[in-house]
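**Student:** show me how the following folds:
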Amino acid sequence: MLLKRLVRDIEAEIICGGLDSDIKSITNDSRRVRPDDLYFAIPGAKYDGADFIPEVIRAGAAAIVTQKTEEELAAILERDMAAHGEFEKLDDNRVTILSVPNARYAMGVISSEYYGNPSDELTVIGITGTKGKTTTSYMIREMLELAGHRTGLVGTIEVDDGKTSIASNNTTPESIILHKKFRDMVNNGLDCVVMEVSSQGLKLDRVAGVAFDFGIFTNMSPDHIGPDEHADYEEYKECKKKLFSMCETGIYNLDDPEAEYMMEGSTSNPITFGKSEYSDYIAVGHKLYKEDGLLGIEYQLEGTLEGDIRVDLPGDFSIYNSLAAIVVADCMGVHFDEIQRILESIKVRGRVEMIPISDKFTLMIDYAHNGMALESLLKAIREYNPERIVTLFGCGGDRAVSRRYEMGEVSGKYSDFSIVTSDNPRTEDPQKILNDIISRLRPTGGDYIDIIDRKEAIRYAIMNAREGDIIILAGKGHEDYQEINGIKHHMDERDLIREVLEEEDVSKICGYNNRYF
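**Tutor:** From the prediction side, this is the model:
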């Protein structure tokens, strides 16, 4: 594809070369550059892609997109000459170098053009917010699939293009990967895609060039604030807000205090949901239910649609997640009876995922891996009046120590019994992580035990369960590995539960009635 076509929608200054090159491929990995490729020199947290420009030129790249000015580029070439000897002087016949204000944004726009603007051929539904993105995305996909829309998925758990599903490294992939996946989806016969849009994804322009049809705002609270993420809450909010200047229709949780801020200055047509009477889709009179070890919620839907809704997922947040899904499904023409039926049987891996092995107690897996998420979950579970809330959890190594303190304090306050165990210790001593958690759990007065081996911790939870207990395995959720010293070892909590059941005398398990394995 001609370079002049690829760059027609971006602002760029030509440092050298021209726009008549025929580009064979595009990449942001200097190691993958081949003759006639276009290379994006992206600045990163650890490395600056511009530092590899000399070797990219030697590899035969036809074009380079960079944020560097001509003077900064000259300095990079001089350093390379000092390290490797004489370097052939740049000229217009060797390579085209384009300087752009934002290389990440340019990469998104150019990648979309290179792959034929595939998001234009899909109905793209983007979901942003602090909590609920994953559950809502699966609810929407289930509804659209059952209504006849072949629907892809991009999110925290996986990227599914209709033929293959791969585990996600980032909630929102880099734009060069994202647009390639969109093209794969179109080629595989899909007509819709539901994607989680993270604040980092918006900040780093990973969704540049995406034509969003719907943008959904779930909720907002401080998160992802730190040196490698967002400077403060204001920046976090501003990044989330960007989605609603990129979509045709904005769908907002009107009950959230930040809803008005998110709608302010938006270019999208607004639709609202919530418990507020001013919402377009209103949830009224919710009731909780607990049946055979399963938890759920019921409410009456009023406003644009009217009828009974039953969701086989617990907690107030399940009302909001389901409402967001209902709005999209309704806009996409899904019949209301289908919406009702799907919500009643919805399951999302690792998000308040019930593992029904007993009629007497409830066992669930959830991804809650910080204090805020855990507190929200435990408060929701408390509404079901359990005999005890038993929370099994740990914290990841090589991450903020404050997260351990927060989770220890939250579990001590809101659980009846805590089982502190290992999560992903990474390069840290697992026992040190447990000790940090306990240092804030113990002062709450909450009962606890620490069992460093996660399987043995799960064994203890199951074999000591009491009638009426709700047992939460928190922190791992959808993950099927444990990372130790840079190596990911297979570890799926569902497998651990199954192994415990195979190894133990199940007659000793309270109300044992295995409906899962």
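**Student:** state the number of residues packed around Arg34.
**Tutor:** Residues within reach of Arg34, counting by other C-beta atoms under 10 Å, total 12. Backbone N, C-alpha and C define where each C-beta goes, glycine included.
**Student:** dihedrals phi and psi, it?
**Tutor:** phi -130, psi 170 (degrees, to the nearest 10).
**Student:** next, the contact list for it, please.
**Tutor:** Lys24, Ser25, Ala59, Gly60 (C-beta atoms under 8 Å, 6 or more residues apart in numbering).
**Student:** what residues are up against the third one?
**Tutor:** In other words, Ala59. Ser30, Val33, Arg34, Pro35, Asp37.
**Student:** in helices only, show me the contacts of Arg34.
**Tutor:** Secondary structure defined by DSSP state H assigns none of the contacts of Arg34 to helices.
**Student:** any chance of those residues in TSV, plus pLDDT and distance to Glu344?
**Tutor:** Below are the contacts of Arg34 laid out as TSV (pLDDT from 0 to 100; distance: C-beta to C-beta, whole Å):
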residue	pLDDT	distance to Glu344
Lys24	97	51
Ser25	98	47
Ala59	93	56
Gly60	93	58
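**Student:** closest one of the residues you listed to Ser322?
**Tutor:** Lowest distance from Ser322 to the contacts of Arg34 (C-beta to C-beta) belongs to Ser25, with 42.8 Å.
**Student:** neighbours of the closest residue to Asp51 other than its chain neighbours, how many?
**Tutor:** Closest residue to Asp51 in three dimensions, ignoring its sequence neighbours and counting by C-beta to C-beta, 6 or more residues apart in numbering: Ile76, at 6.4 Å. The number of residues packed near Ile76 is 18, by other C-beta under 10 Å.
**Student:** part of a helix, is Ile76?
**Tutor:** Yes: counting by DSSP: H, G, I helix; E, B strand; the rest coil, Ile76 is part of a helix.
**Student:** for the contacts of Ala59, pick the one with the most neighbours.
**Tutor:** Val33 (24 neighbours).
**Student:** mind listing what it touches?
**Tutor:** Val33 neighbours (C-beta under 8 Å, 6+ apart): Thr27, Tyr39, Val56, Ala59, Gly60, Ala61.
**Student:** most neighbours, which of these?
**Tutor:** Within the contacts of Val33, Tyr39 tops the neighbour count with 27 neighbours, counted by other C-beta under 10 Å.
**Student:** which strand or helix spans it?
**Tutor:** strand 37-41 (DSSP states H and E).
**Student:** how far off centre is that strand?
**Tutor:** 27 Å (C-alpha atoms, centre = their mean, to the nearest Å).
**Student:** where does the closest residue to Ile462 other than its chain neighbours land in three-state SS?
**Tutor:** Nearest in space to Ile462, with sequence neighbours left out and distances taken as C-beta to C-beta, 6+ apart, is Val500 at 5.8 Å. At Val500, secondary structure determined by three-state DSSP is helix.
**Student:** neighbours of Val500, how many?
**Tutor:** Using other C-beta under 10 Å: Val500 sits among 20 other residues.
**Student:** please look at it and Glu456 and confirm they touch.
**Tutor:** No: in terms of C-beta atoms under 8 Å, Val500 does not count as a neighbour of Glu456; the distance is 9.1 Å.
**Student:** any chance you could map the helices in the stretch 1-150 of the chain?
**Tutor:** 3-6, 53-58, 70-84, 103-114, 133-146 (DSSP state H, counting those that start in this stretch).
**Student:** could you redo those as JSON lines and give each row mean pLDDT?
**Tutor:** Shown next, in JSON lines, are the helices of the stretch 1-150 of the chain (pLDDT from 0 to 100):
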{"stretch": "helix 3-6", "mean pLDDT": "97"}
{"stretch": "helix 53-58", "mean pLDDT": "93"}
{"stretch": "helix 70-84", "mean pLDDT": "86"}
{"stretch": "helix 103-114", "mean pLDDT": "98"}
{"stretch": "helix 133-146", "mean pLDDT": "90"}
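**Student:** let me see the contact set for Trp24.
**Tutor:** That one is not Trp; residue 24 is Lys. Arg34, Pro35, Asp36, Asp37, Ala62.
**Student:** adding pLDDT, write those residues out as JSON lines.
**Tutor:** Formatted as JSON lines, the contacts of Lys24 follow (pLDDT from 0 to 100):
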{"residue": "Arg34", "pLDDT": "97"}
{"residue": "Pro35", "pLDDT": "96"}
{"residue": "Asp36", "pLDDT": "96"}
{"residue": "Asp37", "pLDDT": "98"}
{"residue": "Ala62", "pLDDT": "96"}
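**Student:** from these, which is closest to Asn117?
**Tutor:** Asp37 (20.5 Å).
**Student:** from Ile64, how far out is that closest one?
**Tutor:** 9 Å (C-beta to C-beta, to the nearest Å).
**Student:** repeat for Thr421
**Tutor:** In terms of C-beta to C-beta, Thr421 sits 49 Å off from Ile64.
**Student:** roughly how far apart are the residue lying closest to Ile451 once chain neighbours are set aside and Lys360?
**Tutor:** The shortest distance from Ile451 to any non-neighbouring residue, by C-beta to C-beta, 6+ apart, is to Ala457 (4.1 Å). From Ala457 across to Lys360, the span is 20 Å (C-beta to C-beta).
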